[in-house]
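# Sequence plus the predicted model coming up.
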Amino acid sequence: MENGRTSWRWWICSLLFIATTVNYLDRQVLSLTWKEFIAPEFHWTDNHYGNITAVFSIFYAFISLFAGRFIDWLGTKRGYIWAIVIWSFGACLHALCGWVTMYHVGIPSKEALLAVERGSELSLLMSTVSVWMFLACRIVLATGESGNFPAAIKVTAEYFPKKDRAYATSVFNAGASVGALAAPLTIPLLAQNFGWEMAFIIIGGIGFIWAGLWQVFYTSPEKSRFVNAAELAYINQDATDASAQDVSDAEGPKIGFLKCFSYRQTWAFIVGKLMTDGVWWFFLFWAPAYFSELGYPSTSGMGQALIFVLYLVVTLLSICGGYLPRLFVERLGMNPYAGRMRAMLIFAFLPVFAMFAQPLADISPWWPCVIIGLAGAGHQAWSANLYSTIGDMFPKSAIATITGIGTMFGGLCCFAINKGSGMLFTYADGLGDEFRFFGATGKPAGYMMVFCYCAVAYLLAWVMMKALVPRYKKITE
């Protein structure tokens, strides 16, 4: 109890945290198994992996456009359950890709699979079939995962007043970092001991357990038996303080899907996602491969330590980032939007260090580890506050829809950076020393190019967002 209030909203937040952790664990299984386990079997190149991550990103972007609307229509409880059941099924489905490929090309065993000569026609057929199998599974995974953030942001708006939303969002959003933190400690071990197929099945199965917990424990705060009157009053304090014009009902006015695009506030959120989401997904999907290129594969103790420390830095700093705008609101008297924008400007400077990751890698792998961790922490803190701007300016009835729209555009950036990275790294590796950028040559020069984009993306996004919405203005119709 806190000042006579129950604390059920934080228990709900912990469920959102677990769901987001599972979400990112499921995404990471492929990135931590493809280089050492899957690629040798099916003769994949960086471009093959880039194609798979790019298609996942573009389909995630496309389906996100409708996922938010789906959550708003179906409701938070049922919508979230549908989302996690679909993505957990898709995660487990990856385990069948190898068997289907072997059956299709007529190879009886893994030993025979590994014995196929690289560059042969059979090798090309194997890589093509396996890539298509994984693409199909990633599409199912993307369909379900696209519902996670629209649902979680909607729940946060239901259970927390505006001043607490960025902090609550940073808490559940830290699940992304914790998932990425736990992944290198669990997934390579599962793959080594039970096969990469079982890694997908075991990690994917966790989501079905969460769906059962959500069914039992979640309901709206007004109907929850775990929320007392004092906590409900705290949750609804914005409605109590607002004028009648600001709050027409619990959900607020309904906004048509196309009408959402007529608001500058929508485009500010779109810009924030479009410019920056790809940075986080690049780190998520390519960091294990990057450390492997430095000589530390995810199956080695050093490789696992590098990934663990990277996401430990992200986790510890990103949670603190969600608390910063609350200090601006409570101590400086700023409105929530202004406080968030000031905090986001501070966070936008952390990724600038990313441009030093590649040059300092020649000294020690711990330099890019910590630098990428700082950039990732900046992203997560930025993202928590960016999501919370939706609740500041839109009625609850439109929150999941706006989240889905922004997530779609963020997915476009993810597609571009993942597809582009795969092509760039393959091309740079082929040219070797002839490919140069800022003193780096070959594939390291390719990484240097991407790190430079990561460094400036947030500052550019902040300037454009501020130009679109200079000051707080709530949507009332």
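Sure thing, it's come through. Remember, predicted model here, so these are calculated numbers, not experimental data.

# Could you use CA atoms for every contact and neighbour count after this?
Will do.

# quick one: Gly119 is in a strand?
No. Judged by DSSP: H, G, I helix; E, B strand; the rest coil, Gly119 forms no part of a strand; its state is coil.

# What is the helix or strand containing Leu15 packed up against?
In this structure, Leu15 is located in helix 8-33 according to DSSP states H and E. In terms of contacts (3 or more Cα pairs under 8 Å, 6 or more residues apart in numbering; DSSP states H and E), helix 8-33 is packed against helix 76-93, helix 148-159, helix 162-194, helix 196-217, helix 264-293.

# List the buried residues of it.
8-10, 12-33 (16 or more other Cα atoms under 10 Å).

# At which residues are the helices of the stretch 351-477 of the chain located?
Secondary structure of the stretch 351-477 of the chain by DSSP state H, counting those that start in this stretch: the helices cover 357-361, 366-393, 399-431, 443-468.

# nearest to Phe291, of these?
Evaluated over the helices of the stretch 351-477 of the chain, closeness to Phe291 peaks at helix 366-393, with 8.7 Å, by Cα to Cα.

# want to throw the helices of the stretch 351-477 of the chain into CSV with distance to Leu345, mean pLDDT and mean neighbour count?
Written out in CSV, the entries for the helices of the stretch 351-477 of the chain read as follows (distance: least, Cα to Cα, whole Å; pLDDT from 0 to 100; neighbours: other Cα atoms under 10 Å):
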stretch, distance to Leu345, mean pLDDT, mean neighbour count
helix 357-361, 22, 91, 18
helix 366-393, 8, 88, 25
helix 399-431, 19, 86, 24
helix 443-468, 7, 94, 20
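
# closest one to His94 among those helices?
Using Cα to Cα and comparing the helices of the stretch 351-477 of the chain, the one that lies nearest His94 is helix 399-431, at 19.8 Å.

# if we can go back for a sec, list just the one of the helices of the stretch 351-477 of the chain that sits closest to Met302.
Proximity to Met302, assessed across the helices of the stretch 351-477 of the chain by Cα to Cα, is greatest for helix 366-393 (10.1 Å).

# so that closest one versus helix 148-159, what angle?
Orientation note: helix 366-393 sits at an angle of 50 degrees relative to helix 148-159 (axes from the mean of the first three to the mean of the last three Cα atoms, to 10 degrees).

# who does helix 366-393 touch, helix- and strand-wise?
On a contact count with 3+ Cα pairs under 8 Å, 6+ apart, helix 366-393 meets helix 148-159, helix 162-194, helix 264-293, helix 301-332, helix 336-348, helix 357-361, helix 399-431.

# export those helices to CSV and tack on distance to Met393?
CSV is the format used below for the helices and strands packed on helix 366-393 (distance: least, Cα to Cα, whole Å):
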stretch, distance to Met393
helix 148-159, 12
helix 162-194, 10
helix 264-293, 7
helix 301-332, 16
helix 336-348, 8
helix 357-361, 37
helix 399-431, 9
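
# hang on, the earlier thing: tilt between the helix holding Leu15 and helix 162-194?
Angle of helix 8-33 versus helix 162-194, following the same axes, to 10 degrees, is 40 degrees.

# okay, the angle between helix 8-33 and helix 301-332?
Here helix 8-33 runs at 150 degrees with respect to helix 301-332, directions being taken by the same axes, to 10 degrees.

# From here on, call the first residue 59.
Sounds good: first residue 59 from here, last item helix 66-91.

# Just give me how far helix 66-91 sits from the chain centre.
In terms of Cα atoms, centre = their mean, to the nearest Å, the centre of helix 66-91 is set 10 Å apart from its chain centre.

# and if you look at stretch 524-531?
When distances are taken as Cα atoms, centre = their mean, stretch 524-531 is centred 26 Å away from the chain's centroid.

# thinking again about what came up before, to Met184, which of the helices and strands packed on helix 424-451 lies closest?
Distances from Met184 to each of the helices and strands packed on helix 424-451 were compared using Cα to Cα; the shortest belongs to helix 457-489, at 19.2 Å.

# That closest one - contacts with which helices or strands?
When contacts are defined as 3+ Cα pairs under 8 Å, 6+ apart, helix 457-489 packs onto helix 104-132, helix 206-217, helix 322-351, helix 424-451, helix 501-526.

# Now the longest one: buried residues?
For helix 322-351, the neighbour count (16+ other Cα under 10 Å) marks 323-350 as buried.

# for that helix, what is the average pLDDT?
Regarding helix 322-351, the rounded mean pLDDT is 89.

# how about the helices of the stretch 409-535 of the chain in JSON lines, adding distance to Leu151?
Output for these, formatted as JSON lines (distance: least, Cα to Cα, whole Å):
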{"stretch": "helix 415-419", "distance to Leu151": "36"}
{"stretch": "helix 424-451", "distance to Leu151": "29"}
{"stretch": "helix 457-489", "distance to Leu151": "22"}
{"stretch": "helix 501-526", "distance to Leu151": "31"}
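
# Among these, which comes closest to Leu193?
Smallest distance to Leu193 across the helices of the stretch 409-535 of the chain (Cα to Cα): 13.4 Å, for helix 457-489.

# got the angle between that closest one and helix 501-526?
Angle of helix 457-489 versus helix 501-526, following the same axes, to 10 degrees, is 150 degrees.

# still on that earlier bit, with distance to Ile313 as added columns, please give the helices and strands packed on helix 457-489 in TSV.
What follows is the helices and strands packed on helix 457-489, written out as TSV (distance: least, Cα to Cα, whole Å):
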stretch	distance to Ile313
helix 104-132	11
helix 206-217	15
helix 322-351	12
helix 424-451	13
helix 501-526	20
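
# Of all these, which one comes closest to Val367?
Checked against Cα to Cα, the stretch from the helices and strands packed on helix 457-489 lying closest is helix 424-451, at 7.1 Å.

# Could you check the angle the closest one makes with helix 394-406?
Helix 424-451 runs at 170 degrees relative to helix 394-406, counting by the same axes, to 10 degrees.

# about what we covered before: between the helices and strands packed on helix 424-451, which one is nearest to Ile144?
By Cα to Cα (comparing all of the helices and strands packed on helix 424-451), the closest turns out to be helix 206-217, at 11.1 Å.

# Need the contact partners of that closest one.
The set of residues that contact helix 206-217 without belonging to it, under Cα atoms under 8 Å, 6 or more residues apart in numbering, is 67, 71, 74, 77-78, 81, 125-126, 129, 134, 137-138, 141-142, 223, 226-227, 278-279, 293, 445-446, 449, 454, 457-459, 461-462.

# gap between it and the chain center?
On the basis of Cα atoms, centre = their mean, helix 206-217 sits 15 Å off its chain's mean C-alpha point.

# Just the CA trace of that helix, in CSV.
Written as CSV, here are the backbone C-alpha positions of helix 206-217 (Å, rounded to 0.1, in the frame of the first residue of the first chain):
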residue,chain,number,x,y,z
ASN,A,206,2.6,-5.8,-28.4
PHE,A,207,3.4,-2.1,-28.2
PRO,A,208,0.0,-0.7,-29.3
ALA,A,209,-1.6,-2.9,-26.5
ALA,A,210,1.1,-2.1,-23.9
ILE,A,211,0.9,1.7,-24.5
LYS,A,212,-2.9,1.6,-24.3
VAL,A,213,-2.7,-0.3,-21.0
THR,A,214,-0.3,2.3,-19.7
ALA,A,215,-2.7,5.1,-20.5
GLU,A,216,-5.5,3.2,-18.8
TYR,A,217,-3.5,2.5,-15.6
